[in-house]
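Undergrad: Task: produce atomic coordinates for the following.
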Amino acid sequence: MSRRAVPALLLALLAVVHAQLWFGRGSVASVGEAQRKLQQQLAANQKAREANERLAAEVRDLQEGLEMVEEKARLELGMVKPNELFVSVVAPK
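TA: Purely as a prediction, here's the structure:
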């Protein structure tokens, strides 16, 4: 190899490496795009997680609420379910 071929070869390799860095797979632009997509997905996941928590709390409230409604109906209105016997004990005055 001549003395002029070595620098030319090194410059060509440097150009290939730079081209990969700026335009190829794993380039600065594609990494930036992937990071942007990741942030969007993380935000969407957080919104979905919050929605799931709200729904779970609503389900708990409905379950507990029905129990409270049933208890109130039994005590205040004398509600009786089918196949139940209602007995009222009244304390003497």
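
Undergrad: roughly how far apart are residue 14 and residue 21?
TA: From residue 14 across to residue 21, the span is 10 Å (CB to CB, to the nearest Å). Yep, even glycine has a C-beta here, placed from its N, CA and C like the rest.

Undergrad: Now stretch 19-38: average pLDDT?
TA: Throughout stretch 19-38, pLDDT has a mean value of 84.

Undergrad: Give the helix, strand or coil label for residue 84.
TA: coil (DSSP: H, G, I helix; E, B strand; the rest coil).

Undergrad: From the contact counts, what lies against the longest helix along the chain?
TA: If you go by DSSP state H, the chain has its longest helix at helix 28-77. For helix 28-77, the packing partners by 3 or more CB pairs under 8 Å, 6 or more residues apart in numbering; DSSP states H and E come out as helix 5-23.

Undergrad: so residue 20 makes contact with residue 27?
TA: Yes - between residue 20 and residue 27 there is a contact at 7.0 Å, judged by CB atoms under 8 Å.

Undergrad: which residues are common contacts for the two?
TA: When CB atoms under 8 Å, 6 or more residues apart in numbering defines a contact, no residue borders residue 20 and residue 27 alike.

Undergrad: Confidence-wise, which helix or strand of the chain is lowest on average?
TA: In the chain, no helix or strand scores lower on mean pLDDT, DSSP states H and E than helix 5-23, which sits at a mean of 85.

Undergrad: That helix versus helix 28-77: what angle between them?
TA: 20 degrees (axes from the mean of the first three to the mean of the last three CA atoms, to 10 degrees).

Undergrad: Identify all contacting residues around helix 5-23.
TA: In this structure, residues lying in contact with helix 5-23 by CB under 8 Å, 6+ apart are 1, 26-29.

Undergrad: Of those, which is the most crowded?
TA: In terms of neighbours by other CB atoms under 10 Å, the contacts of helix 5-23 top out with residue 27 at 14 neighbours.

Undergrad: could you check the distance from the residue lying closest to it once chain neighbours are set aside over to residue 71?
TA: Nearest non-adjacent residue to residue 27, counting by CB to CB, 6 or more residues apart in numbering: residue 21, 6.1 Å away. As judged by CB to CB, residue 21 and residue 71 stand 70 Å apart.
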